[in-house]
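Below: sequence and its predicted model.
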Amino acid sequence: MNESTFAPGGGQPGLVQQHTAGRSGEDEVRTFDARQQPGYTGTATSHEHAGSEPVTARYDSEVYDAAAFDAIEPGLAQSNLIEGQFYDPDAEYEPDPEYAATLAPDAARQRRERVGPTGRPLPYFPIPSPLTEHGPAQIVAMCNQKGGVGKTTSTINLGAALAEYGRRVLLVDFDPQGALSVGLGVNPMELDLTVYNLLMERGLTADEVLLKTAVPGMDLLPSNIDLSAAEVQLVSEVARESALARALKPLLPDYDYVIIDCQPSLGLLTVNALTAANSVIVPLECEFFALRGVALLTETIEKVCERLNPELRLDGILATMYDSRTVHSREVLARVTEAFGEHVFHTVIGRTVRFPETTVAGEPITTYASNSVGAAAYRQLAREVLARCPVE
Ligand SMILES: Nc1ncnc2c1ncn2[C@@H]1O[C@H](COP(=O)(O)OP(=O)(O)O)[C@@H](O)[C@H]1O
Ligand SMILES: [Mg+2]
C-alpha cells in the first residue's frame with residue numbers, strides 16, 4: 001500500500017499537495033485546489049488506501065480534518081500534520097460530524113475529545129453557510145482600556161475573516177489615533193470627512209464618510225485626530241452617550257457585522273461604543289498584569305448595561321499574543337480561563353511578527369499572509385463568533 005501525505009502546496013493560498021511515494025521511490029505529487037467551495041473546503045480522493053475502493057477525505061485549507069483521514073487509514077492523520085495549516089499544532093479539530101458519518105460509519109464514534117489551548121474541549125466550529133440576505137447588523141465593540149492588547153489587529157482581521165465567509169462588515173475606527181484606518185492603508189491626515197463629522201454634523205450621511213477597503217464586502221468609517229474633539233464637545237450634548245448609536249442606525253440594514261475599534265480609555269467615546277453595541281469582545285494580552293484593569297472594564301460594561309443599554313452582553317475574552325512555548329503565557333491563559341470560564345473564546349491568537357508586518361502593508365493578515373497561522377486563527381475566531389451568535 002502506498003503512503004500519501006497532504007501538505008499546503010503550490011505556493012498559493014488554498015492549494016493542497018498530495019505526495020505519494022511512487023514505485024520508483026520518487027514522490028508523485030498531485031495538487032488540489034482547496035478553494036472550490038466557499039470556506040476553502042474540498043475533497044481529496046485517494047486510491048491508495050483501504051483496498052481497491054477509492055476513499056474520499058475532506059480537507060480544508062485551514063482545518064485539517066484528522067478524523068476524515070483516519071477514516072482512510074488509522075494513524076494517517078497523525079503522520080500527516082500540516083505544519084502551518086493548523087492554528088495550533090497541539091490541538092486537533094473536531095471534524096464535521098455529518099461529513100465524517102458519510103465517510104465511514106464508525107468515524108464519528110472514533111472521535112476522541114480534543115482539548116484546546118484554553119484547557120477546555122475544543123468544539124467544532126462549522127464553516128458558515130453563505131447568506132442570501134444581509135442585515136440587520138450585530139454591533140461588536142472591541143474594547144480594553146489598555147493599549148497594545150490587540151484591539152485594532154483583532155478588529156481588522158476578525159472583520160476580514162467574516163467578510164471572507166460572505167458577511168458584510170463595517171469597521172468603525174473610534175480611536176483618534178486612527179490606527180485602524182492606517183492598518184487598512186488609509187492616511188488619516190488626508191481625510192476631510194471622518195466618523196467625527198458623522199457624530200457632530202446633522203444632515204451628513206454615512207455614505208459621504210464611508211470608505212471601501214481592499215477586502216470585498218468590508219467597509220470602513222475612518223477617523224483621525226479630529227475625533228479627540230468629540231470627547232469634549234459631546235459632553236454638553238443631550239443624550240451624549242448615544243451619539244454613535246444614532247449615527248450607525250441607518251447603516252445597520254446594509255451589514256451583518258459592525259465592529260467598533262475603541263480607543264484605549266474608558267471615556268465618553270468608549271461609553272458611546274458600548275451604548276451602540278450588542279456585545280463586547282475584550283482582547284487580553286497573555287502577559288503579566290493582563291487581568292489588571294479588567295475589573296474596571298467589566299464594571300463599566302455593567303454600568304452601561306444598567307443605565308444605557310440593557311441588551312449589552314460580554315461576547316468574549318479573546319486571548320492574544322499567546323506563546324504556547326512559554327510557561328508564562330500558558331499560566332496567564334489558565335488564569336484568564338479560571339476567572340472568566342465560558343466567556344473566554346476557545347480561539348486563542350498566537351504571537352507572531354506577521355501582525356506588525358501587516359500594519360506596514362496596510363492590509364489584513366488574511367490577504368497579506370493568507371496561509372499563515374495568524375490568518376487561520378482569525379478565521380477560526382470568525383467561525384466561533386458566528387457559532388456563538390448566528391445572525392438570523
Ligand atoms: N498576535 C500578535 N502577535 C504579535 N504582535 C501583535 C499581535 N497582535 C497585535 N500585535 C502587535 O502589537 C501592537 C499592538 O496591537 P494593536 O492591535 O494595535 O493593539 P491595540 O489596538 O489594543 O492598541 C501592534 O504593533 C500589533 O501589530
Ligand atoms: Mg488600537
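Received the coordinates, thanks. Numbers count the residues shown, from 1 in each chain. Ligands and ions are numbered 1, 2, ... in the order given.

Going by C-alpha atoms from here, please, whenever you check contacts or count neighbours.
Fine.

closest point of the stretch 201-350 of the chain to ligand 1, which residue?
Minimum separation of the stretch 201-350 of the chain from ligand 1 (C-alpha to the nearest ligand atom) falls at residue 321, amounting to 4.0 Å.

my guess is that residue contacts residue 286, does it?
Yes - between residue 321 and residue 286 there is a contact at 5.9 Å, judged by C-alpha atoms under 8 Å.

hmm, back to that, what is the burial count for the residue of the stretch 201-350 of the chain closest to ligand 1?
For residue 321, the neighbour count with other C-alpha atoms under 10 Å is 21.

Now for it: which residues touch it?
150, 285-286, 349-352 (C-alpha atoms under 8 Å, 6 or more residues apart in numbering).

Selection in ChimeraX covering whichever of these are buried, please.
In ChimeraX, this line selects whichever of the contacts of residue 321 come out buried by 16 or more other C-alpha atoms under 10 Å:
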select :150,285,286,349,350,351
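
Including distance to ligand 1, could the contacts of residue 321 go into a markdown table?
Shown next, in a markdown table, are those (distance: C-alpha to the nearest ligand atom, whole Å):
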| residue | distance to ligand 1 |
| --- | --- |
| 150 | 3 |
| 285 | 8 |
| 286 | 10 |
| 349 | 5 |
| 350 | 5 |
| 351 | 3 |
| 352 | 4 |
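
Closest to residue 181 out of the contacts of residue 321?
The shortest gap between residue 181 and any of the contacts of residue 321 belongs to residue 150, at 14.8 Å (C-alpha to C-alpha).

In PDB, please show the C-alpha coordinates belonging to the longest helix along the chain.
Using DSSP state H to define each element, the chain has its longest helix at helix 373-388. Output in PDB follows, covering the C-alpha atoms of helix 373-388 (Å, rounded to 0.1, in the frame of the first residue of the first chain):
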ATOM      1  CA  VAL A 373      -1.200  30.500  11.300                       C
ATOM      2  CA  GLY A 374      -2.300  34.000  12.200                       C
ATOM      3  CA  ALA A 375      -4.800  34.100   9.300                       C
ATOM      4  CA  ALA A 376      -6.100  30.700  10.300                       C
ATOM      5  CA  ALA A 377      -6.600  31.900  13.900                       C
ATOM      6  CA  TYR A 378      -8.700  34.800  12.900                       C
ATOM      7  CA  ARG A 379     -10.800  32.600  10.500                       C
ATOM      8  CA  GLN A 380     -11.400  30.200  13.400                       C
ATOM      9  CA  LEU A 381     -12.400  33.200  15.600                       C
ATOM     10  CA  ALA A 382     -14.800  34.300  12.900                       C
ATOM     11  CA  ARG A 383     -16.400  30.800  12.900                       C
ATOM     12  CA  GLU A 384     -16.500  30.800  16.600                       C
ATOM     13  CA  VAL A 385     -18.200  34.200  16.700                       C
ATOM     14  CA  LEU A 386     -20.700  33.100  14.100                       C
ATOM     15  CA  ALA A 387     -21.300  29.900  16.000                       C
ATOM     16  CA  ARG A 388     -21.900  31.900  19.200                       C
END
